[in-house]
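Asker: Model the following, please.
(chains A, B, C and D)
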Amino acid sequence: MISDYLAEFFGNKILGYLISAALPLFLWILPYALYAVYAERKVSAFMQDRIGPNRVGPKGLLQTIADILKLIQKEDIVPASADKPLFVTAPYVIFAGTFAAFAALPFSSVYIGSNIDLGVFYIMAVSSFSVIGILMAGWAGNNKYSLYGAMRSVAQIVSYEVPALLAIVTAVMVIGTLNLNEISQMQTSRFWNWWILGGPVEGIQKFLYIIPMIIAFIIFFIASLAEVNRTPFDIPEAESELVAGFHTEYTGMKFAMFFLAEYGNMFVVSAISVSIFFGGWQSPFGYLGNSLGINWLIPIEQVFWFLFKGSLLVLVQMWLRWTLPRLRVDQLMSLCWKYLTPYAFINLVIVGIITLIK
Amino acid sequence: MKEYLRNTWLGIYTVLVGMKVTLSHLFKPKVTIQYPDVRIQLPERARNRLYVNIDDCIGCDQCSRACPVDCIEIETVKAVPGENLGITSNGKRKALWVTKFDIDIAKCCYCGLCVYPCPTECIWMTDVYEFSEYRREDLIYHFSNLSPEEALQKKLNYKKFEEEKARQKAAQATTANPNPKQDSGNEN
Amino acid sequence: MAELKTDQIVLNMGPQHPSTHGVLRLEVVLDGEVVVDVKPHIGYLHRCFEKHAEAMTYPQVIPYTDRMDYLASMYMNFGYVEAVERLMNIEVPERVKYIRVIMGELQRIASHLVAVGTFGIDIGAFTPFLYCFRDRERILDLFEMTCGARLLYNYMWIGGLSHDLPPQFIPKLKSFLKDFRKSLKELNDLLSYNKIFIDRTANIGVLPADTAINYGCTGPVLRGSGVNWDLRKNDPYSIYDRFDFEVCVGKGEMGTVGDCWDRYMVRVREMEQSCRIIEQAIEQIPDGDVTSAIPKRVKPPVGEIYFRVESPKGELGYHIVSDGSLNPFRVKVRAPSFVNLQILPIISRGHLVADIIANLGSLDIVLGEIDR
Amino acid sequence: MTAKEILEIIKEKFPEEQFELKENIGGEILIVPAKILRDLCLFLRDDERLAFDVLMNLSGLDLADGEKKKLEDGTIEIVGGHLATVYHLHSMKFNHKLTLKVLLPRENPVVPSVERVWRAADWHEREAYDLLGIIFEGHHNLKRILLPEDWEGYPLRKDYKVQEFYQGMKVPY
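Answerer: Residues are numbered from 1 along each chain as shown, chains lettered A, B, ... in the order given. Below is the predicted model:
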């Protein structure tokens, strides 16, 4: 593992593990966030018969960098009657909550930020950490609209944890382990061995698993949409009613922080569902490295496949954003408690019964 | 219970139908054009910036009366009988010096009411729509081709002609009444 | 536990707010998320149209009527011009009547496209708005080809029209109508029958029929409440009685009769009916000169008249008092949005914050017409 | 049903009042005294033969028929004469129309409010008060609707002079 290699390289274990856990932050998240924003604007433009940004740089590729530069030189306004300490720390809390989860994502067999046995449990715990940041931002802005936005988002994220966790529990009941690295390894190199299609289990059980696992993935995907505040659940920042929800008062670099946190969160959520349901870093049709006999190519292929599947799911989230209208707060709650949670429980029971048929 | 399942099914089905529509638009040809490089070809009746061909203008003030926002100001000076001001394109003889013909295009509401009453069709709307300025005063277009000194000079010699005519009439009035006075006053 | 001391919050929406369709301020008294009362405040866009009209001559008032409901200015001209013609009883040639109907119905489609598009944005769906505006651009091109302007036309004059139809107008109009049917079906798939859209609009802002009549609501707002009342059918003016089309009325398919969804669906179906009217008008249009009946000086006799037309927003009435001079003595405009906005507090009480925006969008108000 | 038949029915109900039916290009106008306006309107709405359930339009007029005094700065000032409110009624059931006109003295133009009869009149009356200064007694909140609350003068009166300053801002263009 790279973390052990780094530990010897720096001599002391803690420093080595720290750096290996922080590696994804610099190598992947910043470039990814920049081009996710650009991709979102291009995808939404193409879906709406427009062309989207194509002026800054070749085909508009430098557009987001221009935006970030613009945001940096913008004045960083703190409203007069704002609660200054809360106002300033809120974006960093959300940023931390989102990017802490990257440490446990299995990028490839060779590299994983920190190979902890409770990978899934850790990620779900950390990702609900950013709720506090949203509440701080909403309250500190001392603006009625952002107060509303904050109240709504707390209710939404907390209540959507339940179906998300239930869906994960059904999957873990089939898989058996919480360690993300092992989960990915168990889904060996053909796509019919992915967990969503029953995983490497033999016999009749594999076919019985397929339907419940697909339902579990759908429930998890919808619940994760709500956790990331994406349409049709983007009520905390509903432009048409609440102007801009909890980040109404933020300008300049702080607003950019919110923006990056949102896109980072989108990737975390899709990375989890990829590693649990869609075979993590396993390639669907075998490795080029094996057939060509170059062994060092395999880890790179694995990283490519992991990021590719993650980005595919991010694109689906963007696709949904430009198609669906927005739910109202009480409909959001009724969808969670009356529809998603019961279906998740039924699914859990069915999978429980299937695991007993040996 | 049936209602519950129907809601779930409707929820999933209509969302997928909506997604099919947006996906189909992903590959349709785009509608927008790249404005500064590619420009829309305006139809020939497009009503944008006003233009006045001042040589044809006979200073009849029809357009400024027809304008609902009074953004056209015209000042004219009668021509002294001796001067010849030439003929407009459609054969009307010009009798007035147009010393000032200003259009405040910032006030103009582009309704086109001034174009129709013009007897010599010397005012019309072109299809130029990019004429923004940095200073508001530049939006007041001066179409008169007389420089300020010429305008002043025209006013002066018209005023001189007026006094001379008034003196002549006064002179005639004195000669017409019974006591004949030597009428040398009307030659100079 | 001792009763928690809660208090109502007064939220100011507007006059600068993303979804108040212009400069309208809503003073909303909220108890948590539930709306206790809504007080609309208007007047931010007041440009003293009626005082201007007293200082202008009759033809000069037409550009001012454009600017009242700038999304349906062809119909504002139509109402004013027909009123003055009735005052002076001028008989306009047949061709002018047909072109006026075609232009009026095209303007109805364009205005409804804006209404439907912005209603989608208020509910959260951004893409239908852009499809609606793509179709609306084609109508604006047709208008620009005919009278030179895209939004404020000054096209209909007292006694005729400023220009006749250019030769390539009819073919382009036919191709537009053919494509428009397809994009209407697409809009229905994407928005009208979408479960989330139905949840957000069905049973929201229910307006019973008798309250609608008593409050004087007209147009899609009234028809959404199930009242079969359309001036083109029930009190026909110009030549609308020569075309056959149905009046679309809200039937409460998705919830109770008179909710937001009904008002929205009435507008979508009305666009379909307008296409039918235009097609029939294209076949029957005679030839002739459009500027023959335009009087040199418009000087109507002493008297007053109240004339109303079915504008896209509702019943648009012109009350013109003339004292025999060149300038109108008084022009009072009965703007449909001015009257329709009065019911916003009635239909919003007890709903949530998000529903006020849905109700406001379903009323389809334009502030230029309200404030005049 | 023409205006004359409607006038007959009204005369039965209000025998002692005097009404005047004025000829006009756009249809007859019924001049009605101000004090009986509210119960006349209630009668017009509730009587099943008339059923005027829609108030199409309510507009205020400045007839400017008083004697005009020329002030020194060139503006005219009208004394005496009338203001008027015009009610256009319509019946959905019988599809017939009626126009009522109420003449009010210029000094204190007071007319009973018909807001209780047709709720549509609420904002129309506030606008007539705002632009012409006609007071509708019985209206639940007669305040200015289009102009700012503290604006002086009633713009649509023929002898209206624009105020020089509004809260320190110069008004004339």
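Asker: State the helix or strand in which the residue nearest the centre of chain D lies.
Answerer: Centroid check for chain D by Cα atoms, centre = their mean gives residue D:85 as the closest residue, at 1.5 Å. In this assignment (DSSP states H and E), residue D:85 forms part of strand D:82-90.
Asker: roughly how far is that strand from the heart of the chain?
Answerer: 4 Å (Cα atoms, centre = their mean, to the nearest Å).
Asker: Please look at residue C:290 and residue C:157 and confirm they touch.
Answerer: No - here residue C:290 lies out of contact with residue C:157, judged by Cβ atoms under 8 Å, at a distance of 9.1 Å. Heads up, the C-betas are built off the backbone N, CA and C, glycines and all.
Asker: What ranges does chain D have for its strands?
Answerer: Listed in chain order, the strands of chain D (DSSP state E) span D:20-22, D:29-31, D:54-62, D:67-70, D:76-79, D:82-90, D:97-105, D:110-112, D:135-137, D:165-166, D:169-170.
Asker: strands paired with the last one, and their directions?
Answerer: Yep, that's strand D:169-170 we're talking about. According to DSSP bridges, strand D:169-170 forms sheet pairs with strand D:165-166 (antiparallel).
Asker: Please tell me the pLDDT value assigned to the residue nearest to the centre of chain D.
Answerer: For residue D:85, the pLDDT comes out at 93.
Asker: Check the one 5 residues further on too.
Answerer: The predicted local confidence for residue D:90 comes out at a pLDDT of 91.
Asker: how close does it sit to chain A?
Answerer: Counting by Cβ to the nearest Cβ, to the nearest Å, the gap from residue D:90 to chain A is 36 Å.
Asker: residues touching that residue, list them.
Answerer: The contact partners of residue D:90, by Cβ atoms under 8 Å, 6 or more residues apart in numbering or on different chains, come to D:52, D:54, D:55, D:56, D:96, D:97, D:98.
Asker: ditto for residue D:137
Answerer: Counting by Cβ under 8 Å, 6+ apart, residue D:137 touches D:110, D:111, D:112, D:113.
Asker: quick one, helices of the stretch 51-200 of chain A?
Answerer: A:63-73, A:84-100, A:119-127, A:130-140, A:144-175, A:180-186 (DSSP state H, counting those that start in this stretch).
Asker: Would you mark the buried spots in the worst-scoring helix or strand of chain B on mean pLDDT?
Answerer: Within chain B, no helix or strand scores below helix B:148-176, which has a mean of 83 by mean pLDDT, DSSP states H and E. Within helix B:148-176, the residues that qualify as buried by neighbour count (16 or more other Cβ atoms under 10 Å in any protein chain shown) are B:151, B:154, B:171.
Asker: tell me the secondary structure for residue B:60?
Answerer: Recorded secondary structure, residue B:60: coil (DSSP: H, G, I helix; E, B strand; the rest coil).
Asker: Equivalent analysis for the one 3 residues further on, please.
Answerer: Using three-state DSSP, the three-state assignment for residue B:63 comes out as helix.
Asker: Wait, it touches residue B:120, no?
Answerer: No - between residue B:63 and residue B:120 there is no contact under Cβ under 8 Å: 10.9 Å.
Asker: now the end-to-end length of stretch D:65-79.
Answerer: Stretch D:65-79 stretches 9 Å from its first residue to its last (Cα to Cα, to the nearest Å).
Asker: er, stretch B:97-113 actually
Answerer: Chord length of stretch B:97-113, first to last residue, is 24 Å (Cα to Cα).
Asker: Any residues of chain C in contact with chain B? List them.
Answerer: C:56, C:59-64, C:66, C:127, C:131, C:134, C:137, C:144-149, C:152, C:154, C:162-163, C:166, C:186, C:189-191, C:193-196 (Cβ under 8 Å from any Cβ of the partner chain).
Asker: May I see the PyMOL selection of the buried members of these?
Answerer: This is the PyMOL syntax for the buried subset of the residues of chain C next to chain B, where burial follows 16+ other Cβ under 10 Å:
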select buried, chain C and resi 56+59+60+61+62+63+64+66+127+131+134+144+145+146+147+148+149+152+154+162+190+191+193+194+195+196
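Asker: Thanks a lot, catch you later.
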